[in-house]
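1. I would like the atomic coordinates for the input below:
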Amino acid sequence: MRTLADLAAQQGMALQTLLNRAPHKRAGHPAPVSSKGARTLLFDGEQVDAYLTGRPVPPLRSKDDDQEHNDGDLLDRREAAAALGVVPDSWRVYKRAPLLTEHMTVVGGVEHWPRGIVQRYRDTRPGRTAATGRPTGSGDQVPRDELLPRTAPLLDADPAVTATAVVEQLGVTRSTAQHALTRLRADRIADLVGERPQLSPYEAAAALGYPAALVRRATVRAVTVLRARAAAPYLADVAAAVHRAGWTTTLAAPDVQLPTDDHAVAVLVLDAEHAPAPALVWDEGAGWRTATSRRHPLARGAAVPPQGDGVRYLATGTTPPPNALTAALTA
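-> As a prediction, the model looks like this:
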């Protein structure tokens, strides 16, 4: 392979002179063999030598050539990503696979991989299926508490990383990968908006390098995260009031939970023996209510249950004063 610098040296001129005169753009000059849109142009050495000595320029091997030579063709990141069916920016995650790392070679300062190796990785990567990259019905190979810490480096390396890439790297289902990326992106968008309030969530997502097509859910969740963070001081005040009333044995503010991307709730477990209810649930849309279970205070999907059978809605509004809430609880 020859770079533009190689062409300039071969013709006895400085690189800038070659760029100014652009002999490589003249009719008849061999076309670059690098992929369309590549930053570094590469040319086939045999073709260049033939052209500069006035000999017929030999054709490049085509996909119809014998398989042995075709497998040895070197692909840059764009071509390798296309062979895998992913966007070029995601290749920086895929290329970490041991098989690809082992066979990576640098040509003209550009990383390349043999076509046959890329195809072997494509066809044999663990758990591969056409739809999700994981066998139907298979579970996740990463424990739940390790999912975000192990997904975060992939997002650090590539803000445009897709769920497909996470599936291949971690061996999780597609829905799990999507949920992890949504949570991570939402938290980071919320962090940036917190630092720079003049930004909208969409502007923060763009500033972080997240493609618009991948962050619709994340921006919705980021807005909810910001609401949850704003509610935290109020919830801490309620926790303190409940503790002063003697209904909790320790003073601890509840963690706000996001059972869905657009909804926030929090739970206060009343663990004292004489507590008036097993738990309190705060719902950002419905306010405070009692719950009938300490272990499972939330209904499936955080559905809002009707009043009755141990469920009682307390005070008025979604953020009543803590003292009003404790008074309503004992009424």
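2. L298 in helix, strand or coil?
-> Counting by DSSP: H, G, I helix; E, B strand; the rest coil, the backbone at L298 sits in coil.
3. Neighbours of R294, how many?
-> 14 (other Cβ atoms under 10 Å). To be clear about C-beta, it is placed using only N, CA and C from the backbone, and glycine gets the same treatment.
4. Please read the previous query as pertaining to T319.
-> The burial count for T319: 16, using other Cβ under 10 Å.
5. What score does it have for pLDDT?
-> Looking at T319, its pLDDT is 94.
6. ok, and the closest non-adjacent residue to it?
-> Y234 (5.5 Å; Cβ to Cβ, 6 or more residues apart in numbering).
7. can you check H274 too?
-> H274's closest residue in space is G246 (Cβ to Cβ, 6+ apart), at 7.3 Å.
8. ok, now A8?
-> Using Cβ to Cβ, 6+ apart, the closest residue to A8 is L18 (4.0 Å).
9. cool, A241 as well?
-> Nearest to A241 is P322, by Cβ to Cβ, 6+ apart, at 3.6 Å.
10. For whichever helix or strand L268 is part of, which residues meet the burial criterion?
-> For L268, the host element (DSSP states H and E) is strand 263-269. For strand 263-269, a neighbour-count test (16 or more other Cβ atoms under 10 Å) marks 263-269 as buried.
11. any low-confidence regions in this structure?
-> The chain contains residues with pLDDT under 70 at 1, 61-72, 125-141, 300-302.
12. now the helices for it?
-> In the chain, the segments counted as helices under DSSP state H are 4-10, 15-21, 45-52, 67-72, 77-84, 91-94, 98-103, 115-124, 144-157, 163-170, 174-195, 201-207, 216-244, 322-330.
13. what sits against R2?
-> R2 makes contact with 10, 42-45, 48, 108 under the criterion Cβ atoms under 8 Å, 6 or more residues apart in numbering.
14. just the buried members of the residues you listed?
-> Among the contacts of R2, the ones that count as buried (16+ other Cβ under 10 Å) are 42-44, 48, 108.
15. May I see those residues organised as a markdown table, with distance to L251 added?
-> Listed next are the buried ones among the contacts of R2 as a markdown table, based on distance: Cβ to Cβ, whole Å:
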| residue | distance to L251 |
| --- | --- |
| L42 | 66 |
| F43 | 71 |
| D44 | 73 |
| V48 | 76 |
| G108 | 64 |
